[in-house]
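> Any chance you could fold what I've pasted below:
(one chain, ligands or ions: 1)
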Amino acid sequence: MPELPEVETIARQLHGLVTGRTVAHFRSEWHRLTEPEPADLFAARLEGRTITGVRRRAKFVVLELDGADALIVSLRMTGQLLFRDREMKAHPYRRAHIAFADGTALEFADTRKFGRMAIVDGAALDGIGQRRRRVGEPLHRYLGVEPLSRRFTVRWLREFLQRRGRAAIKPLLLDQTGIAGIGNIYAIEALWRARVHPLRKAGSLGADEVERLHEALRWVLRKGIRFGGASRRDYRDARGKEGRMQQEFNVYDQAGEPCPRCGAEVMRTVVGGRGTFHCPRCQRVPRRS
Ligand SMILES: [Zn+2]
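Numbers count the residues shown, from 1 in each chain. Model prediction:
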């Protein structure tokens, strides 16, 4: 599932590829893609609009439109945004097609059909949710702090971990309303780098561990971006190419392999319903668990 580095890679590419292009025609090929908005209304709002820039917020690709709106795309498990500058056979799992006035196009392909699109008020994306999100409210209004932004300081992280002190650290890192953009892969790699066990209670981390985790999160995310993201099954960038970060994993998907730091065997466990990897020697089991 694409996380911050994968979505950042796509957004940076698309910024160069589609900025300044005007939407001539939008067609949805999967009725749930624009839910709850009907596809024909969605198309009517999009057609004639010019894309003024592309960026990332959390795990959303944000295509800014002239006026104040933005088209946001959630890739979820298998979504791909593919730029087409010449006639090509449609992707077999195409779910939407955005044709630009100059003849180029953007295809949305999605094998598993969990991806979604919405047209939202662009400013609403950048407010940091002050209150807890209620079930059913759209996530994009409650996104947390961007871990590569200046707001994300050691002090902010320490206070956040104290506030949510009873939560296990790994599921807490995946909560998009706290820190935005981190998913399973980069949480696992960051906890290994910081030498923190995934089941530690957030409030139990010492000052040195919080500092290490802060550094580790930024380090793994930046490295992910530098390597163009991680391709396991479906992730492709906007040109249809794979990333290279999957060759750089230290513990993710490395069960039974030696820990690159100490040589102990990497273990696979399940934490909060997600497959998790850690080194039993570098990342000590919390006491009383
Ligand atoms: Zn180790």
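> For residue 226, report the pLDDT, please.
With respect to pLDDT, residue 226 scores 97.
> contacting residues for it?
For residue 226, the contact set (Cβ atoms under 8 Å, 6 or more residues apart in numbering) is empty. In short, each C-beta sits where N, CA and C put it, glycine included.
> Would you mind measuring from it to residue 30?
33 Å (Cβ to Cβ, to the nearest Å).
> Find the helix or strand that the nearest residue to residue 107 once chain neighbours are set aside is a member of.
If the residues on either side of it in the chain are set aside, residue 107 comes closest to residue 82, at 4.6 Å by Cβ to Cβ, 6 or more residues apart in numbering. Using DSSP states H and E, residue 82 sits within strand 79-84.
> Parallel or antiparallel, which strands does that strand pair with?
strand 105-110 (antiparallel) (DSSP bridges).
> mind checking how far residue 14 is from residue 68?
20 Å.
> So between those two, which is more surrounded?
residue 14 (26 against 11; other Cβ atoms under 10 Å).
> and that one, what element?
Using DSSP H and E, residue 14 sits within helix 4-18.
> which outside residues touch that helix?
2, 51, 53-56, 58-63, 75, 81, 83, 85, 100, 104, 106, 147-148, 180-183, 186, 221, 223-225, 227-230, 235, 237-239, 243, 245.
> Can you give me the buried ones in that helix?
For helix 4-18, burial by neighbour count (16 or more other Cβ atoms under 10 Å) applies to 4-15, 17-18.
> Adding pLDDT, write those out as a markdown table.
Formatted as a markdown table, these follow (pLDDT from 0 to 100):
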| residue | pLDDT |
| --- | --- |
| 4 | 97 |
| 5 | 97 |
| 6 | 96 |
| 7 | 97 |
| 8 | 97 |
| 9 | 96 |
| 10 | 96 |
| 11 | 97 |
| 12 | 97 |
| 13 | 96 |
| 14 | 97 |
| 15 | 98 |
| 17 | 97 |
| 18 | 98 |
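> restrict those to those near the ion?
When Cβ under 5 Å from the ion is applied, no member of the buried residues of helix 4-18 is adjacent to the ion.
> hmm, back to that, and the contacts of helix 4-18, which are buried?
2, 51, 53-56, 58-63, 75, 81, 83, 100, 106, 147-148, 180-183, 186, 221, 224-225, 227-230, 235, 237-238, 243, 245.
> All the helices of the stretch 101-250 of the chain, residue numbers only.
154-163, 169-174, 184-194, 207-226 (DSSP state H, counting those that start in this stretch).
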